[in-house]
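Next one to model:
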Amino acid sequence: MRRPLALLAVAVSTVLLGSAVPVAAAPDSASHETGAGRIAWTSCGDTTTPALQCAMLEVPVDYAHPDGRKIKIKLNRLPATAPKAKQQGPILLNPGGPGASGLWMPAYITGQIPADVASTYDWIGFDPRGTNGSEPHVVCDAHYFDGERPDYQVGHGTEKAWLGRAATYAADCAADWSWILPHMTTVDSARDMDRIRGALGAKKINFYGGSWGTSLGSTYGQLFPSHVRRMVLDSIVGPTISWYDHNTLQDKEHERRFRAFAEWTAKADSVYHLGTDADAVIKKYYAMEDALRTAPVPAAPAPGKIGPAEFEDTFYGGGYNFLRWPRMATVLSGYLTRHDTRPLNIAYNRYAAPGADDGAFPNYNATQCTESAWPRDWEFWKKDQAKVNAVAPFYTYNNMWYNAACMFWPYQGGPSRMKITGKGLPPVLLFQATEDAATPYPGAVAMHKALPGSKLVVQNGGSFHEVLFHGNACLDDTFVAYLRDGTLPTGKGSIAKTCAPEADPAPTYVEPTPSAKASVAAISPTDPEAVHGRF
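Predicted coordinates:
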């Protein structure tokens, strides 16, 4: 679920206000029971998708006090165009994060599936509370991710600096946002979804969620099972694992994906000249990181410089999306064989450079740190993470410091997250790749067991984090059939259907063009190399 720094800062939709298209909530019990009123839809002013409509929806900060202080959730909608008798209601969309914007999803997903199915739904994207276009947009430290940051690796004299940064970040968040931070959990976002449902005048909703969105969807289903019509969960967070333990599991899976990248690169030695075995490639990766400790390179147009921390952030996304591998191998080859830093600069700005502020990081922390108990003792973290680092050095300390604010977070729940039982839910369709590093395979198995009647579709050998919409017909056609008329895979046993993985990308040296430095920008969520969540 952890997201690249650049992605969640990117503007995903033009929201110029145009002609009003008011839609009143139907006068049924769904609208009445949530206290939700009409949504005043307006044109988003999106020239690419003119039918896209935008709105703001008011919701309570604290659902224990629904008449108290209010905030606003940013929504958009691509309305159904099928005849009324064939329409299937709203489908809410969430890509993960926690905190990632869903505003790009209606236009994108409808372009990936047959029109006869897409036209039967109202496609609803939204920005989770406190993020992006929702109000307020919570910012704790606008420059927290600016480079050059302290070295992630323990033993390089930066522990004190990172502990100070993490503690200060948690304190700054609490000082400015104490009124909302305790109310930015998955449960709060699920209740916001039900407010959206009520305001749409729908008795039931459909849902597609990826990464942390699977936690959001299953939580919604637990709270409001009678309000669910169809639900798809893609790349699944286990329903019971603590967030601390989930991050540790990620570290070990990212190590496996890094070795897979090194093996792929070694087979292409004629292209990259980094060695003919994985160990040689891995050794050169760490040699480059070590060189950047003493000689960081300019990050422009991003602020600061690219040192070892920024270098690691540029690479870990390859564990989410292997279409990044040619560019990653080019970064190493360019620097180590051609003394060329341009591929590194381009990849950093494309994958990992900070946005205008700290993006959805406050929501990420408020969700994770508040939902389950975290160790509060640095000595425990240091010893425990050292054990993990001994077997998974590629990602462990990077991930540890990314989550370190939870050591100091003033609002902490626990000892466990909401129990998911699936009681009262219709059959849920689950998708999972066996080699997914961000939401490892055991989470999908656990969710399948927790949701009676669910159907698990497994991409055996696949590694995409969020497996749909990459052109794999076995996966995408299963999704479409379910949306079309509720058809589920019929395989018996714990796995209802198995799909083959995509082929590895062709090894290509990605030559930097003369204008590349001037044109680099945060990657679009619809780019094939995009990653949608830190989890």
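
So which elements touch the helix or strand encompassing Asn247?
Taking DSSP states H and E as the definition, Asn247 sits inside helix 243-267. With contacts taken as 3 or more Cβ pairs under 8 Å, 6 or more residues apart in numbering; DSSP states H and E, helix 243-267 sits against helix 278-294, helix 325-338, helix 361-371, helix 378-391, helix 396-402. (C-beta placed from N, C-alpha, C; glycine too.)

Quick one: closest of those to Val61.
Comparing the helices and strands packed on helix 243-267 against Val61 with Cβ to Cβ, the closest turns out to be helix 361-371 (12.5 Å).

With mean neighbour count and mean pLDDT added, can I get the helices and strands packed on helix 243-267 in CSV?
Formatted as CSV, the helices and strands packed on helix 243-267 follow (neighbours: other Cβ atoms under 10 Å; pLDDT from 0 to 100):
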stretch, mean neighbour count, mean pLDDT
helix 278-294, 16, 98
helix 325-338, 21, 98
helix 361-371, 27, 95
helix 378-391, 14, 98
helix 396-402, 24, 98
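
lowest confidence element among the helices and strands of the chain?
strand 20-23 (a mean of 33; mean pLDDT, DSSP states H and E).

just to revisit the earlier point, could the helices and strands packed on helix 243-267 go into TSV alongside distance to Ile420?
Listed next are those as TSV, based on distance: least, Cβ to Cβ, whole Å:
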stretch	distance to Ile420
helix 278-294	38
helix 325-338	35
helix 361-371	13
helix 378-391	26
helix 396-402	25
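
Nearest to Met418, out of these?
With Cβ to Cβ as the measure, helix 361-371 is the member of the helices and strands packed on helix 243-267 nearest Met418 (8.2 Å).

Okay, angle between that closest one and helix 243-267 too, please.
Taking axes from the mean of the first three to the mean of the last three Cα atoms, to 10 degrees, one finds that helix 361-371 is oriented at 130 degrees with respect to helix 243-267.

neighbouring contacts of helix 361-371?
Applying Cβ atoms under 8 Å, 6 or more residues apart in numbering, the set of residues contacting helix 361-371 from outside is 1-3, 97-99, 128-131, 138-140, 144-145, 169-170, 173, 177, 181-182, 184-186, 189, 212, 243, 403, 405-406, 409, 411-414, 417, 534.

Tell me which entries of those residues lie within helices.
Those of the contacts of helix 361-371 mapping onto helices are Tyr169, Ala170, Cys173, Trp177, Thr186, Ser189, Trp212, Trp243, per DSSP state H.

Now the third one: closest residue in space that isn't a chain neighbour?
Nearest in space to Cys173, with sequence neighbours left out and distances taken as Cβ to Cβ, 6 or more residues apart in numbering, is Cys140 at 4.0 Å.

ok, the one you found - contacts?
Residues counted as contacts of Cys140 (Cβ under 8 Å, 6+ apart) are Tyr169, Asp172, Cys173, Asp176, Trp177, Asp358, Phe361, Pro362.

buried subset of those residues?
Among these, those scoring as buried are Tyr169, Asp172, Cys173, Asp176, Trp177, Asp358, Phe361, Pro362 (criterion: 16 or more other Cβ atoms under 10 Å).

shaky segments in the stretch 351-500 of the chain?
Low-confidence segments of the stretch 351-500 of the chain, defined by pLDDT under 70, are absent.

List the residues that contact the closest residue to Phe258 other than its chain neighbours.
Computed as Cβ to Cβ, 6+ apart, the closest residue to Phe258 that is not its neighbour in sequence is Phe394, at 4.3 Å. For Phe394, the contacting residues are His254, Glu255, Phe258, Tyr316, taking Cβ under 8 Å, 6+ apart as the criterion.
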